[in-house]
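Enquirer: return a 3D structure for these sequence lines:
(one chain, ligands or ions: 1)
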Amino acid sequence: MSLESVRYSRGSLAVLNQLLLPHESRYEPVASVKEAWEVIRSMKVRGAPAIAIVGCLSLAVELESNEVKEKDQLVMFILESLEFLVTSRPTAVNMAKAAEQLSAFVHQEAVRANATSESIRKSVIEWAEDLLRKDVEDNKKIGDCGAQHLLQKVPGHPITILTHCNTGSLATAGYGTALGVIRSLHSMGRLAHVYCTETRPYNQGARLTAYELVYEKIPATLIADSMASIAMKEKGVSAVVVGADRVVANGDTANKVGTYQLAIAAKHHGIPFYVAAPSTSCDLRLADGGHIVIEERPSQELTDVNGKRITAQGIGVWNPAFDVTPCDLITGGIITEHGVFSPQELQAALTKVMKEEGKRQKHEA
Ligand SMILES: CSC[C@H]1O[C@H](OP(=O)(O)O)[C@H](O)[C@@H]1O
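Expert: Numbers count the residues shown, from 1 in each chain. Purely as a prediction, here's the structure:
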(Lines give C-alpha, C1' and ligand atoms only; values in the text may rest on other atoms or scores of the structure.)
Protein backbone atom coordinates (compact mmCIF):
# COMPACT_ATOMS: atom_id res chain seq x y z
CA MET A 1 0.00 0.00 0.00
CA SER A 2 1.24 3.55 -0.53
CA LEU A 3 0.55 7.15 0.37
CA GLU A 4 2.25 8.69 -2.65
CA SER A 5 -0.34 10.42 -4.84
CA VAL A 6 2.13 10.55 -7.74
CA ARG A 7 5.23 8.63 -8.82
CA TYR A 8 7.51 10.64 -11.10
CA SER A 9 10.88 10.29 -12.74
CA ARG A 10 11.96 12.18 -15.83
CA GLY A 11 9.85 10.96 -18.74
CA SER A 12 7.55 8.88 -16.52
CA LEU A 13 4.47 9.81 -14.44
CA ALA A 14 2.00 7.53 -12.70
CA VAL A 15 -0.86 8.53 -10.39
CA LEU A 16 -2.48 6.58 -7.58
CA ASN A 17 -6.11 6.01 -8.64
CA GLN A 18 -7.87 7.38 -5.56
CA LEU A 19 -11.27 6.19 -6.70
CA LEU A 20 -10.13 2.66 -5.75
CA LEU A 21 -8.83 3.52 -2.25
CA PRO A 22 -8.77 2.18 0.38
CA HIS A 23 -9.35 -1.28 -1.09
CA GLU A 24 -6.89 -1.19 -3.99
CA SER A 25 -3.64 0.69 -4.47
CA ARG A 26 -3.25 0.96 -8.27
CA TYR A 27 -0.88 3.35 -10.06
CA GLU A 28 -1.96 4.36 -13.55
CA PRO A 29 0.42 5.88 -16.13
CA VAL A 30 -0.14 9.43 -17.34
CA ALA A 31 1.76 10.07 -20.56
CA SER A 32 0.13 13.26 -21.82
CA VAL A 33 -1.65 16.46 -20.88
CA LYS A 34 -4.89 14.98 -22.18
CA GLU A 35 -4.57 11.94 -19.93
CA ALA A 36 -3.81 14.24 -16.98
CA TRP A 37 -6.95 16.25 -17.70
CA GLU A 38 -8.97 13.02 -17.60
CA VAL A 39 -7.53 11.73 -14.29
CA ILE A 40 -8.06 15.15 -12.67
CA ARG A 41 -11.61 15.61 -13.99
CA SER A 42 -12.62 12.09 -12.93
CA MET A 43 -11.01 12.69 -9.50
CA LYS A 44 -8.68 9.73 -9.78
CA VAL A 45 -6.32 12.45 -8.63
CA ARG A 46 -7.68 15.29 -6.50
CA GLY A 47 -6.59 17.90 -4.02
CA ALA A 48 -5.64 21.44 -4.94
CA PRO A 49 -1.83 21.04 -4.90
CA ALA A 50 -1.88 17.53 -6.41
CA ILE A 51 -3.98 18.76 -9.36
CA ALA A 52 -1.40 21.40 -10.28
CA ILE A 53 1.53 19.02 -9.78
CA VAL A 54 0.01 16.27 -11.95
CA GLY A 55 -0.97 18.82 -14.60
CA CYS A 56 2.51 20.34 -14.85
CA LEU A 57 4.32 16.98 -14.66
CA SER A 58 2.13 15.60 -17.45
CA LEU A 59 3.38 18.44 -19.66
CA ALA A 60 6.95 17.65 -18.61
CA VAL A 61 6.50 13.98 -19.51
CA GLU A 62 4.97 14.82 -22.88
CA LEU A 63 7.81 17.25 -23.65
CA GLU A 64 10.40 14.65 -22.63
CA SER A 65 8.97 11.93 -24.83
CA ASN A 66 7.88 13.90 -27.93
CA GLU A 67 10.18 14.93 -30.77
CA VAL A 68 11.45 18.47 -30.28
CA LYS A 69 9.25 21.00 -32.04
CA GLU A 70 10.31 24.21 -33.76
CA LYS A 71 10.63 26.97 -31.08
CA ASP A 72 7.47 28.94 -31.85
CA GLN A 73 5.47 25.73 -32.23
CA LEU A 74 6.85 24.47 -28.89
CA VAL A 75 5.92 27.68 -27.05
CA MET A 76 2.41 27.55 -28.52
CA PHE A 77 2.03 23.87 -27.52
CA ILE A 78 3.08 24.63 -23.94
CA LEU A 79 0.75 27.63 -23.58
CA GLU A 80 -2.24 25.79 -25.09
CA SER A 81 -1.57 22.72 -22.91
CA LEU A 82 -1.57 24.80 -19.73
CA GLU A 83 -4.75 26.59 -20.78
CA PHE A 84 -6.41 23.19 -21.35
CA LEU A 85 -5.30 21.80 -17.97
CA VAL A 86 -6.89 24.75 -16.15
CA THR A 87 -10.31 23.67 -17.50
CA SER A 88 -10.14 20.32 -15.68
CA ARG A 89 -11.53 21.71 -12.39
CA PRO A 90 -12.40 25.39 -11.76
CA THR A 91 -12.39 25.99 -8.00
CA ALA A 92 -8.89 25.12 -6.79
CA VAL A 93 -6.56 27.91 -7.85
CA ASN A 94 -3.32 25.92 -7.90
CA MET A 95 -3.51 24.74 -11.51
CA ALA A 96 -4.52 28.18 -12.79
CA LYS A 97 -1.74 29.82 -10.77
CA ALA A 98 0.87 27.33 -11.95
CA ALA A 99 -0.31 27.76 -15.55
CA GLU A 100 -0.01 31.54 -15.32
CA GLN A 101 3.44 31.39 -13.73
CA LEU A 102 4.78 28.75 -16.11
CA SER A 103 3.38 30.61 -19.13
CA ALA A 104 5.17 33.80 -18.03
CA PHE A 105 8.33 31.76 -17.48
CA VAL A 106 8.14 30.27 -20.98
CA HIS A 107 7.73 33.71 -22.52
CA GLN A 108 10.85 34.87 -20.64
CA GLU A 109 12.82 31.80 -21.72
CA ALA A 110 11.75 32.18 -25.34
CA VAL A 111 13.20 35.70 -25.64
CA ARG A 112 16.48 34.89 -23.95
CA ALA A 113 19.52 35.34 -26.17
CA ASN A 114 20.41 31.99 -27.84
CA ALA A 115 17.10 30.44 -26.70
CA THR A 116 16.46 27.15 -28.53
CA SER A 117 13.65 24.60 -28.50
CA GLU A 118 15.87 22.34 -26.46
CA SER A 119 16.66 25.03 -23.87
CA ILE A 120 12.98 25.92 -23.50
CA ARG A 121 11.89 22.29 -23.30
CA LYS A 122 14.47 21.52 -20.60
CA SER A 123 13.66 24.60 -18.52
CA VAL A 124 9.93 23.80 -18.52
CA ILE A 125 10.58 20.22 -17.38
CA GLU A 126 12.80 21.53 -14.57
CA TRP A 127 10.13 24.09 -13.56
CA ALA A 128 7.55 21.34 -13.20
CA GLU A 129 9.96 19.20 -11.19
CA ASP A 130 10.64 22.15 -8.89
CA LEU A 131 6.89 22.45 -8.23
CA LEU A 132 6.82 18.85 -7.04
CA ARG A 133 9.81 19.32 -4.74
CA LYS A 134 8.64 22.66 -3.36
CA ASP A 135 5.18 21.36 -2.44
CA VAL A 136 6.59 18.82 0.03
CA GLU A 137 8.86 21.49 1.53
CA ASP A 138 5.91 23.88 1.88
CA ASN A 139 3.76 21.22 3.53
CA LYS A 140 6.38 20.38 6.13
CA LYS A 141 6.65 24.10 6.96
CA ILE A 142 2.86 24.35 7.21
CA GLY A 143 2.77 21.29 9.45
CA ASP A 144 5.47 22.44 11.84
CA CYS A 145 4.45 26.11 11.89
CA GLY A 146 0.79 25.18 12.43
CA ALA A 147 1.63 22.70 15.19
CA GLN A 148 3.78 25.23 17.04
CA HIS A 149 1.04 27.86 16.74
CA LEU A 150 -1.65 25.54 18.07
CA LEU A 151 0.54 24.50 21.01
CA GLN A 152 0.99 28.15 21.93
CA LYS A 153 -2.57 29.33 21.34
CA VAL A 154 -4.89 26.42 22.03
CA PRO A 155 -5.59 25.47 25.65
CA GLY A 156 -5.50 21.89 26.85
CA HIS A 157 -2.67 19.61 25.69
CA PRO A 158 -2.37 17.15 24.12
CA ILE A 159 -4.53 18.52 21.33
CA THR A 160 -7.63 17.03 19.70
CA ILE A 161 -8.26 18.07 16.10
CA LEU A 162 -11.37 17.81 13.95
CA THR A 163 -10.66 17.86 10.23
CA HIS A 164 -12.66 17.58 7.01
CA CYS A 165 -12.07 15.98 3.62
CA ASN A 166 -8.56 14.86 2.71
CA THR A 167 -5.63 17.22 2.93
CA GLY A 168 -2.79 14.77 3.31
CA SER A 169 -0.25 13.06 1.10
CA LEU A 170 -3.10 12.05 -1.23
CA ALA A 171 -4.03 15.69 -1.88
CA THR A 172 -0.48 16.97 -2.30
CA ALA A 173 3.01 15.81 -3.23
CA GLY A 174 3.44 14.57 0.33
CA TYR A 175 2.89 15.25 4.06
CA GLY A 176 -0.20 17.39 3.50
CA THR A 177 -1.58 20.67 4.68
CA ALA A 178 -4.17 20.34 7.48
CA LEU A 179 -3.10 16.71 7.77
CA GLY A 180 0.47 18.01 7.81
CA VAL A 181 -0.34 19.94 10.99
CA ILE A 182 -1.78 16.72 12.44
CA ARG A 183 1.35 14.77 11.39
CA SER A 184 3.61 17.36 13.02
CA LEU A 185 1.63 17.39 16.28
CA HIS A 186 1.71 13.58 16.30
CA SER A 187 5.48 13.47 15.71
CA MET A 188 5.91 15.92 18.62
CA GLY A 189 3.86 13.63 20.87
CA ARG A 190 1.32 16.44 21.40
CA LEU A 191 -1.69 15.04 19.52
CA ALA A 192 -4.43 13.41 21.57
CA HIS A 193 -6.86 12.43 18.84
CA VAL A 194 -8.22 13.25 15.40
CA TYR A 195 -11.88 13.26 14.40
CA CYS A 196 -12.18 13.01 10.62
CA THR A 197 -15.48 13.55 8.86
CA GLU A 198 -16.54 11.12 6.15
CA THR A 199 -17.04 14.02 3.69
CA ARG A 200 -19.95 13.01 1.53
CA PRO A 201 -20.45 12.47 -1.35
CA TYR A 202 -16.91 11.54 -2.56
CA ASN A 203 -15.99 10.34 0.96
CA GLN A 204 -12.49 11.78 1.01
CA GLY A 205 -12.53 11.48 4.82
CA ALA A 206 -13.85 7.93 5.11
CA ARG A 207 -11.82 6.56 2.19
CA LEU A 208 -8.66 8.67 2.13
CA THR A 209 -8.00 10.49 5.42
CA ALA A 210 -8.91 7.45 7.52
CA TYR A 211 -6.54 5.43 5.29
CA GLU A 212 -3.68 7.89 5.85
CA LEU A 213 -4.25 8.09 9.63
CA VAL A 214 -4.47 4.31 10.08
CA TYR A 215 -1.42 3.84 7.82
CA GLU A 216 0.63 6.06 10.14
CA LYS A 217 -0.98 4.81 13.36
CA ILE A 218 -2.32 8.26 14.28
CA PRO A 219 -5.18 7.91 16.83
CA ALA A 220 -8.36 8.84 14.99
CA THR A 221 -12.10 8.35 14.83
CA LEU A 222 -14.27 8.56 11.73
CA ILE A 223 -17.56 10.43 12.12
CA ALA A 224 -20.40 11.18 9.75
CA ASP A 225 -20.57 14.77 8.54
CA SER A 226 -23.80 15.16 10.53
CA MET A 227 -21.98 14.26 13.78
CA ALA A 228 -19.48 17.15 13.65
CA SER A 229 -21.44 19.52 15.92
CA ILE A 230 -22.08 16.91 18.63
CA ALA A 231 -18.41 15.89 18.42
CA MET A 232 -17.41 19.51 19.06
CA LYS A 233 -19.80 19.60 22.03
CA GLU A 234 -18.85 16.24 23.61
CA LYS A 235 -15.42 15.08 22.40
CA GLY A 236 -13.09 17.81 23.65
CA VAL A 237 -12.16 19.14 20.22
CA SER A 238 -9.38 21.70 20.71
CA ALA A 239 -9.37 23.08 17.16
CA VAL A 240 -10.81 22.52 13.71
CA VAL A 241 -8.14 22.48 10.98
CA VAL A 242 -9.14 22.17 7.31
CA GLY A 243 -7.46 22.62 3.93
CA ALA A 244 -8.30 25.01 1.13
CA ASP A 245 -8.82 25.10 -2.59
CA ARG A 246 -8.72 28.86 -2.92
CA VAL A 247 -8.04 31.47 -0.23
CA VAL A 248 -8.77 34.98 -1.54
CA ALA A 249 -7.52 38.44 -0.56
CA ASN A 250 -9.82 39.03 2.42
CA GLY A 251 -9.27 35.48 3.71
CA ASP A 252 -12.58 34.02 2.52
CA THR A 253 -11.83 30.38 1.70
CA ALA A 254 -13.30 27.88 -0.74
CA ASN A 255 -12.92 24.34 0.52
CA LYS A 256 -14.73 21.01 0.36
CA VAL A 257 -18.47 21.40 0.78
CA GLY A 258 -19.38 21.10 4.45
CA THR A 259 -16.50 23.31 5.59
CA TYR A 260 -18.78 26.33 5.98
CA GLN A 261 -21.08 24.56 8.42
CA LEU A 262 -18.09 23.27 10.39
CA ALA A 263 -16.94 26.87 10.79
CA ILE A 264 -20.41 27.91 11.99
CA ALA A 265 -20.48 25.04 14.51
CA ALA A 266 -16.94 25.83 15.68
CA LYS A 267 -17.92 29.46 16.28
CA HIS A 268 -20.96 28.34 18.29
CA HIS A 269 -18.76 26.09 20.49
CA GLY A 270 -15.96 28.65 20.86
CA ILE A 271 -13.48 26.32 19.10
CA PRO A 272 -10.75 28.01 16.99
CA PHE A 273 -11.13 27.34 13.24
CA TYR A 274 -7.98 27.14 11.10
CA VAL A 275 -7.35 26.91 7.37
CA ALA A 276 -4.06 25.30 6.34
CA ALA A 277 -3.00 26.28 2.83
CA PRO A 278 0.24 26.85 0.90
CA SER A 279 0.61 30.20 -0.85
CA THR A 280 0.06 28.26 -4.10
CA SER A 281 -3.60 27.94 -2.97
CA CYS A 282 -3.96 31.68 -2.30
CA ASP A 283 -5.50 33.96 -4.94
CA LEU A 284 -5.01 37.61 -3.99
CA ARG A 285 -6.55 38.75 -7.27
CA LEU A 286 -10.02 37.96 -6.00
CA ALA A 287 -11.18 40.44 -3.37
CA ASP A 288 -13.63 38.12 -1.60
CA GLY A 289 -15.24 34.70 -1.78
CA GLY A 290 -18.20 35.91 -3.81
CA HIS A 291 -15.96 35.79 -6.90
CA ILE A 292 -14.93 32.12 -6.52
CA VAL A 293 -16.41 29.73 -9.12
CA ILE A 294 -17.85 26.71 -7.31
CA GLU A 295 -17.62 23.44 -9.24
CA GLU A 296 -20.85 21.44 -9.47
CA ARG A 297 -20.35 17.76 -10.03
CA PRO A 298 -22.47 14.93 -11.50
CA SER A 299 -25.65 14.03 -9.61
CA GLN A 300 -24.65 10.35 -9.59
CA GLU A 301 -22.08 11.19 -6.90
CA LEU A 302 -25.06 11.86 -4.60
CA THR A 303 -27.67 9.41 -5.90
CA ASP A 304 -25.38 6.36 -6.14
CA VAL A 305 -23.27 4.51 -3.59
CA ASN A 306 -20.71 2.09 -5.05
CA GLY A 307 -22.49 2.37 -8.37
CA LYS A 308 -25.91 1.47 -6.93
CA ARG A 309 -28.69 4.05 -6.88
CA ILE A 310 -30.02 4.72 -3.36
CA THR A 311 -32.66 7.37 -4.09
CA ALA A 312 -35.90 7.71 -6.03
CA GLN A 313 -35.74 8.43 -9.74
CA GLY A 314 -36.92 11.95 -10.46
CA ILE A 315 -35.58 13.60 -7.30
CA GLY A 316 -33.66 16.82 -7.96
CA VAL A 317 -29.95 16.85 -6.99
CA TRP A 318 -27.62 19.73 -6.16
CA ASN A 319 -23.96 18.72 -5.85
CA PRO A 320 -21.62 21.68 -5.27
CA ALA A 321 -18.14 20.28 -4.61
CA PHE A 322 -17.11 23.25 -2.47
CA ASP A 323 -18.47 26.04 -0.31
CA VAL A 324 -16.99 29.33 0.86
CA THR A 325 -16.20 30.00 4.51
CA PRO A 326 -16.30 33.75 5.24
CA CYS A 327 -13.12 35.13 6.77
CA ASP A 328 -14.82 36.16 10.01
CA LEU A 329 -15.44 32.47 10.81
CA ILE A 330 -11.75 31.61 10.36
CA THR A 331 -11.14 32.49 13.99
CA GLY A 332 -7.83 30.67 14.52
CA GLY A 333 -6.03 31.87 11.41
CA ILE A 334 -4.64 30.82 8.06
CA ILE A 335 -1.60 28.51 8.34
CA THR A 336 0.82 28.95 5.43
CA GLU A 337 4.43 27.96 4.79
CA HIS A 338 5.35 31.59 5.64
CA GLY A 339 3.58 31.61 9.00
CA VAL A 340 0.10 31.83 10.55
CA PHE A 341 -1.88 34.94 9.69
CA SER A 342 -5.29 36.29 10.55
CA PRO A 343 -7.50 36.73 7.47
CA GLN A 344 -6.94 40.48 7.79
CA GLU A 345 -3.13 40.04 7.79
CA LEU A 346 -2.90 37.55 4.94
CA GLN A 347 -2.88 39.82 1.88
CA ALA A 348 -0.15 42.14 3.20
CA ALA A 349 1.93 39.23 4.47
CA LEU A 350 1.85 37.29 1.18
CA THR A 351 2.39 40.45 -0.88
CA LYS A 352 5.53 41.16 1.16
CA VAL A 353 6.77 37.61 0.60
CA MET A 354 6.12 37.84 -3.16
CA LYS A 355 8.04 41.13 -3.37
CA GLU A 356 11.01 39.63 -1.52
CA GLU A 357 10.89 36.56 -3.78
CA GLY A 358 10.82 38.79 -6.85
CA LYS A 359 13.89 40.71 -5.65
CA ARG A 360 15.73 37.44 -4.98
CA GLN A 361 14.95 36.07 -8.45
CA LYS A 362 16.04 39.36 -10.08
CA HIS A 363 19.29 39.24 -8.11
CA GLU A 364 19.91 35.63 -9.17
CA ALA A 365 19.10 36.23 -12.86
C1 LIG B 1 -4.54 20.04 0.28
S2 LIG B 1 -6.02 20.82 0.08
C3 LIG B 1 -7.06 19.62 -0.60
C4 LIG B 1 -8.46 20.15 -0.78
O5 LIG B 1 -8.97 19.65 -2.01
C6 LIG B 1 -10.10 18.87 -1.72
O7 LIG B 1 -11.04 18.93 -2.74
P8 LIG B 1 -11.12 17.73 -3.82
O9 LIG B 1 -10.96 16.44 -3.07
O10 LIG B 1 -12.51 17.90 -4.46
O11 LIG B 1 -10.01 17.99 -4.81
C12 LIG B 1 -10.65 19.47 -0.45
O13 LIG B 1 -11.36 20.66 -0.68
C14 LIG B 1 -9.38 19.68 0.32
O15 LIG B 1 -9.46 20.56 1.39
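Enquirer: was I right to think residue 310 contacts residue 302?
Expert: No: using CB atoms under 8 Å, residue 310 is not in contact with residue 302, being 9.1 Å away. Quick note: C-beta positions are derived from backbone N, CA and C, even for glycine.
Enquirer: which residue packs closest to the closest residue to the ligand within the stretch 251-365 of the chain, ignoring adjacent ones?
Expert: With CB to the nearest ligand atom, the shortest gap between the stretch 251-365 of the chain and the ligand falls at residue 256, namely 3.4 Å. For residue 256, ignoring the flanking residues on the chain, the nearest one in space by CB to CB, 6 or more residues apart in numbering is residue 165 at 3.8 Å.
Enquirer: count the neighbours of that neighbour for me.
Expert: Residues lying near residue 165 (other CB atoms under 10 Å) number 29.
Enquirer: got it, and residue 106?
Expert: Every residue meeting other CB under 10 Å relative to residue 106 is counted, giving 20.
Enquirer: returning to that earlier point: where's the residue nearest to residue 256, which helix or strand?
Expert: Counting by DSSP states H and E, residue 165 is held by no secondary-structure element, helix or strand.
Enquirer: can you pull the pLDDT of residue 202?
Expert: Note on residue 202: pLDDT of 94.
Enquirer: residues touching the residue nearest to residue 256, list them.
Expert: If you count contacts by CB atoms under 8 Å, 6 or more residues apart in numbering, residue 165 has them with 171, 197, 199, 204, 205, 209, 242, 243, 255, 256, 258, 259.
Enquirer: neighbours of the fourth one, how many?
Expert: The reference is to residue 204. Look at residue 204: counted by other CB under 10 Å, it has 28 neighbours.
Enquirer: give me phi/psi at it?
Expert: phi -60, psi -30 (degrees, to the nearest 10).
Enquirer: contacting residues for the residue nearest the centre of the chain?
Expert: Centroid check for the chain by CA atoms, centre = their mean gives residue 48 as the closest residue, at 2.9 Å. The contact partners of residue 48, by CB under 8 Å, 6+ apart, come to 92, 93, 94, 171, 243, 244, 245, 246, 277, 280, 281.
Enquirer: what's the next secondary structure element after the helix or strand containing residue 133?
Expert: Under the assignment given by DSSP H and E, the secondary-structure element containing residue 133 is helix 117-153. Downstream of helix 117-153, the next assigned helix or strand under DSSP H and E is strand 159-163.
Enquirer: write out the residues of the stretch 201-350 of the chain neighbouring the ligand.
Expert: 204, 243, 245, 255, 256, 321 (CB under 6 Å from any ligand atom).
Enquirer: could I get these as CSV with distance to residue 150?
Expert: Formatted as CSV, those follow (distance: CB to CB, whole Å):
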residue, distance to residue 150
204, 22
243, 16
245, 22
255, 19
256, 21
321, 28
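Enquirer: okay, domains of the protein per the record?
Expert: Using automatic domain parsing, the domain ranges for the chain come out as 6-135, 154-364.
Enquirer: to residue 141, which of those lies closest?
Expert: For the domains of the chain, distance to residue 141 was read as CB to CB. The smallest value, 4.0 Å, belongs to domain 154-364.
Enquirer: if we can go back for a sec, taking the residues of the stretch 201-350 of the chain next to the ligand one by one, which sit in helices?
Expert: When helices are assigned by DSSP state H, not one member of these lies inside them.
Enquirer: what subset of these is buried?
Expert: 204, 243, 245, 255, 256, 321 (16 or more other CB atoms under 10 Å).
Enquirer: farthest pair in those?
Expert: The most widely separated members of those, counting by CB to CB, are 243 and 321 (13.3 Å).
Enquirer: burial count for residue 353?
Expert: Applying other CB under 10 Å, we find 15 other residues in the vicinity of residue 353.
Enquirer: what's the nearest residue to it if we skip its chain neighbours?
Expert: Skipping the residues right next to it in sequence, residue 353 comes nearest to residue 338 by CB to CB, 6+ apart, at 5.2 Å.
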